[in-house]
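1. Here is a sequence with its predicted model. Questions after.
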Amino acid sequence: MTGVVVDLKMKNEDKAKALEAAIGQIEKAFGKGSVMKLGQRESAVDVQAISTGSLGLDIGLGIGGFPKGRIIEIYGPESSGKTTLALHAVAEAQKEGGNCAFVDAEHALDPVYARKLGVDIDDLLISQPDAGEQALEIADTLVRSGAIDVLVVDSVAALVPRAELEGEMGDTHVGLQARLMSQALRKLTSSIARSNCLVIFINQIRLKIGVMFGNPETTTGGNALKFYASVRLDIRRIGAIKDRDEVIGNQTRVKVVKNKVAAPFRTVEFDIMYGEGISKMGELLDLGVAAGIVEKSGAWISYNGQRIGQGRENAKNFLRENKELADEIEAAIRQNAGLVGDQMLDQSIAESPEAVVPESPDEPMMPGES
């Protein structure tokens, strides 16, 4: 028995020596750090995040925001808040001293609105490229520089291949954009991870023709982005916020369709106010009620036995005027982030159980997802 143990120990020592020699050979050929143990990489153990600008979405994503060094896809119908959410992430990164860039392929960025959301437009790099190849080449160069913290591409649908631009109206160019995106993402992925840059792709939705069952919606640019994205967010406008007869904002719902860094399928709701962006005070009230921190009795909303407003809008105004109380509620919500996150998942399952719990292991988790 002792001889078997000795032989096993010698075999393990030989394996360790062989592994050490192989690692040495790889590092000599490709440089130090080409191969290492996973626990030695800080970024692998502790994922850094940039706030989304929404407290609820930060909790819903599980790590406090968008993961750095990853690709994010935000998609949804027109005027649903896609660019607003991306600009909030830019503003949050700038608050921490980060450099940000915006590739405006749609040529539609409003600098006045961006400033209202908290973006320092004097410090924001912007590019309005003519062709898709040019846009992605600019994005690749900026990412490789290692100096950019957040890069936004708005949008994938507007990345028109040069061959399509130079052709005539009515010419068919099957799969050109999908091939362009696939090639670009193959090049970008390793650069993004090395530079720890957060890259946000904004995308539009289209309807697939002839789909009788399941979800007919799909995103533009082929399937490559679905695979390469670590987080995919489906953002929708679900209602209007009115002040008497005037519409002053939108009620917005975001579903975490894919998440490689935490649990997916959480649903978050918040208000996007015109000229203001995501309503922080509205989120504090909604999340506070969900966590049992803020009490709601009829139309009255209370905190610690103190009435803070009759009706949601009055309560929001009260918190806006009493910043210390708002900060106290926010701190309490962050302490109960796990409870709030579980409720988001429960809400998502209640709304669409078939999208979260497949009937068999072979079925996909989401229509069109893999």
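-> Structure's in. What do you need?
2. Can you mark which positions in the host helix or strand of T252 are buried?
-> Assigned by DSSP states H and E, T252 belongs to strand 246-259. Within strand 246-259, the residues scored as buried using 16 or more other C-beta atoms under 10 Å are 249-250, 252-259. Any C-beta I mention is one placed from the backbone N, CA and C, and that applies to glycine too.
3. For E73, give me its contacts.
-> 200-201, 203, 219, 225-226, 229, 231-233 (C-beta atoms under 8 Å, 6 or more residues apart in numbering).
4. Tally up the residues packed near I192, please.
-> Neighbour count of I192, defined by other C-beta atoms under 10 Å: 25.
5. Check whether it sits in a helix, strand or coil.
-> At I192 the chain is in helix, as set by DSSP: H, G, I helix; E, B strand; the rest coil.
6. burial count for Y228?
-> Using other C-beta under 10 Å, Y228 has 20 neighbouring residues.
7. Please tell me the pLDDT value assigned to the nearest residue to L345 once chain neighbours are set aside.
-> Nearest residue to L345 in three dimensions, chain neighbours excluded: R266, at 5.1 Å (C-beta to C-beta, 6 or more residues apart in numbering). At R266, the model reports a pLDDT of 93.
8. for S348, same thing?
-> 70.
9. How much space separates it from Q177?
-> For S348, the distance to Q177 equals 31 Å [C-beta to C-beta, to the nearest Å].
10. Repeat that for S191.
-> Here S191 is placed at a distance of 21 Å from Q177 (C-beta to C-beta).
11. Give me the distance between K208 and E164.
-> 21 Å.
12. Those two: who's more crowded?
-> Between K208 and E164, counted using other C-beta under 10 Å, E164 has the larger neighbour count: 16 against 11.
13. for that one, what are its contacts?
-> Contacts of E164 (C-beta under 8 Å, 6+ apart): 171, 173, 176-177.
14. Kindly recompute the last result at 7 Å.
-> E164 is in contact with 173, 176, counting by C-beta atoms under 7 Å, 6 or more residues apart in numbering.
15. so which strand or helix has it?
-> Using DSSP H and E, E164 sits in helix 162-166.
16. and that helix, average pLDDT?
-> In this model, helix 162-166 has a mean pLDDT of 91.
17. Also stretch 216-227?
-> 95.
18. related to what we said a few turns ago, show me which residues of the helix holding E164 are buried.
-> Quick answer for helix 162-166 (16+ other C-beta under 10 Å): E164.
19. CA atoms of it as CSV?
-> The C-alpha trace of helix 162-166 is given here as CSV (Å, rounded to 0.1, in the frame of the first residue of the first chain):
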residue,chain,number,x,y,z
ARG,A,162,-19.5,50.3,-47.6
ALA,A,163,-20.7,48.0,-50.5
GLU,A,164,-24.3,48.9,-49.7
LEU,A,165,-23.5,52.6,-49.6
GLU,A,166,-21.7,52.5,-53.0
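20. distance between it and the chain's centre?
-> With C-alpha atoms, centre = their mean, to the nearest Å as the basis, helix 162-166 stands 31 Å off its chain's centre.
21. And the strand holding T252, what does it pack against?
-> Packing partners of strand 246-259 (3 or more C-beta pairs under 7 Å, 6 or more residues apart in numbering; DSSP states H and E): strand 231-243, strand 267-273.
22. one more time with 10 Å
-> In this structure, strand 246-259 makes packing contacts with helix 55-60, strand 71-76, helix 82-95, helix 224-228, strand 231-243, strand 267-273, strand 277-278, helix 337-351, judged by 3 or more C-beta pairs under 10 Å, 6 or more residues apart in numbering; DSSP states H and E.
23. Tell me the secondary structure of the closest residue to Y228 other than its chain neighbours, please.
-> Computed as C-beta to C-beta, 6+ apart, the closest residue to Y228 that is not its neighbour in sequence is L185, at 4.6 Å. What three-state DSSP gives for L185 is helix.
24. L185: how many residues sit nearby?
-> A total of 21 residues lie near L185 under the criterion other C-beta under 10 Å.
25. isn't it right next to F201, touching?
-> Yes: L185 lies in contact with F201 (C-beta atoms under 10 Å); the separation is 9.2 Å.
26. can you redo the helices and strands packed on strand 246-259 as TSV with distance to E321?
-> Formatted as TSV, the helices and strands packed on strand 246-259 follow (distance: least, C-beta to C-beta, whole Å):
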stretch	distance to E321
helix 55-60	19
strand 71-76	32
helix 82-95	23
helix 224-228	43
strand 231-243	17
strand 267-273	16
strand 277-278	19
helix 337-351	25
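27. Longest helix in this protein, please.
-> Assignment by DSSP state H gives helix 2-30 as the longest helix of the chain.
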